[in-house]
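**Q** I would like the atomic coordinates for the input below:
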Amino acid sequence: MVGPVICEDGWHSPSIGRQGACSHHGGVNNDPQNAVGFLSFLSGIAGCFYSYKRMSKFAEKRIREEKELAKKIYEEKHKNDPHCPKHPGERMIKVEERRGSFWRCPRYPRCKKTKKIADTVY
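**A** Just a heads-up that it's a prediction; the model follows:
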């Protein structure tokens, strides 16, 4: 049997599903009306799942837009940063130490290229 089952006289036995559970109540009610509750339950679950999928797609789109905006802001802020002479596609990173500030390649320690901050023209 599938779904919530009641006896022929309407009794909801705690042992429904076992053999003989409704024997004193006229047997199990196999009326299609009983399936309506179960089907409405299933449709409710399906609706929740559909809403969840729609919301997750909306959230993914929102996250993607925020990442693109953050990238644009970062590019605008760092557009004047110098590029590594060995790796032209890589912008150098500003490093501040006790001895002073300088630019270094983001591929450090493989690439040891550096520039003094004074060498940079804005």
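**Q** confirm that residue 112 lies within a strand, as I assumed.
**A** No. Counting by DSSP: H, G, I helix; E, B strand; the rest coil, residue 112 falls outside a strand, being coil.
**Q** that one - how many residues pack around it?
**A** Neighbours of residue 112 under the rule other Cβ atoms under 10 Å: 10. (Glycine included, C-beta is placed from N, CA and C.)
**Q** then residue 22?
**A** Around residue 22 there are 20 residues (other Cβ under 10 Å).
**Q** again with residue 83
**A** Residue 83: 14 surrounding residues under other Cβ under 10 Å.
**Q** helix, strand, or coil at residue 67?
**A** Going by three-state DSSP: residue 67 is helix.
**Q** that one: what's it in contact with?
**A** By Cβ atoms under 8 Å, 6 or more residues apart in numbering, residue 67 lies in contact with nothing.
**Q** measure it to residue 11 for me?
**A** The gap separating residue 67 from residue 11 is 59 Å, by Cβ to Cβ, to the nearest Å.
**Q** now swap in residue 94 and tell me
**A** 78 Å.
**Q** could you do residue 74 as well?
**A** Residue 74 is 68 Å from residue 11, by Cβ to Cβ.
**Q** what do you get for residue 111?
**A** Taking Cβ to Cβ, one finds residue 111 at 80 Å from residue 11.
**Q** now the strands for this structure?
**A** 93-97, 100-104, 114-116 (DSSP state E).
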